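**Student:** Whatever this is, show me its structure:
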Amino acid sequence: MLGDFTEEQVKWYSSHIILQEVGGKGQNELLSSKVLCIGTGELGCSIIQYLAVAGVGTIGVVDYDEVDLSNLQRQAMHDGMSNVESTKKYVSKLNPNVEFITYEQRINPENIFNIISDYDIVVDGSDNFEIHYLVNDACVIAKIPLSYGSISRFGGQVTTIWPGESPCYRCLFEHTPPAGMFPSCQEAGVIGVIPGIIGLIQATEVIKYLLGRGELLTGRLISYDALNMSFDKIKICKNPSCSVCGESPSITSIED
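**Tutor:** The predicted structure is shown next:
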């Protein structure tokens, strides 16, 4: 399989190629994979960087925001332009072999299926509940695996959703919580290293899925508390009455 690589790629991906669980075949699978990241902020910065250096061949990003000075403490890729443009600039220097596709727009019910349909797996690095539910519902309906992560203050959580095989986000959180119950990072704050830790777990889940290796966080939620330096693994049960992945779903389209 090494004959498929350039000399530069053999050197770049050598630590993967010598791994028994990856090898030349696995690296080729990564190079031919397509991953979509929703958001290029706190989580997105870590996720995208490590997927790029791992050799994921095509990375799509969706974001409509502008870089703010207050973001730079935990978003190392950005340098003062729009989020997607600074991400593209950073990744092209990091690994020029990656095909980088940008969607400089807010994800919404009208565009989400057209965007996610070309990808093998979606990573939700967004920071609001509206997007979490929209991305979850669309991925379940389209049967596209999804890595979900969220952060706040000194902690975060991650799970992997495999439509038809595992519980979905609505099995875990059936409805949007009341306004103010869970303040955003802008409201509650977040220690700068937390997005890196949670984003790296999400990137690891994506790579494992693409390689078909290891045990994914399907049906399980990892909850991380940096103050106690603890990882708790919480079992998630599939809800037979779930409105999107249950036995008789009421949500069968984004219009629903």
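**Student:** quick one: least confident helix or strand in this protein?
**Tutor:** Of all regular secondary-structure elements in the chain, judged by mean pLDDT, DSSP states H and E, the least confident is helix 185-188 with a mean of 66.
**Student:** Can you name the next helix or strand after that helix?
**Tutor:** Past helix 185-188, heading to the C-terminal end, the next element that is a helix or strand (DSSP states H and E) is helix 194-211.
**Student:** Following element in sequence after that next one, please.
**Tutor:** Under the assignment DSSP H and E, the closest C-terminal helix or strand after helix 194-211 is strand 220-225.
**Student:** Can you list the buried residues in that following strand?
**Tutor:** Arg220, Leu221, Ile222, Tyr224 (16 or more other Cβ atoms under 10 Å). For every residue, glycine as well, the C-beta is placed using N, CA and C.
**Student:** thought the last one was touching Gly155?
**Tutor:** Yes - with contacts counted by Cβ atoms under 8 Å, Tyr224 reaches Gly155, the gap being 5.3 Å.
**Student:** what do these two both touch?
**Tutor:** In terms of Cβ atoms under 8 Å, 6 or more residues apart in numbering, Tyr224 and Gly155 are both contacted by the residues Ile194.
**Student:** Name all residues that make contact with Arg153.
**Tutor:** Contacts of Arg153 were listed using Cβ under 8 Å, 6+ apart, and they are Ala188, Gly189, Val190, Ile191, Ile194.
**Student:** try it again with 6 Å
**Tutor:** With contact set as Cβ atoms under 6 Å, 6 or more residues apart in numbering, Arg153 has these partners: Ala188, Val190.
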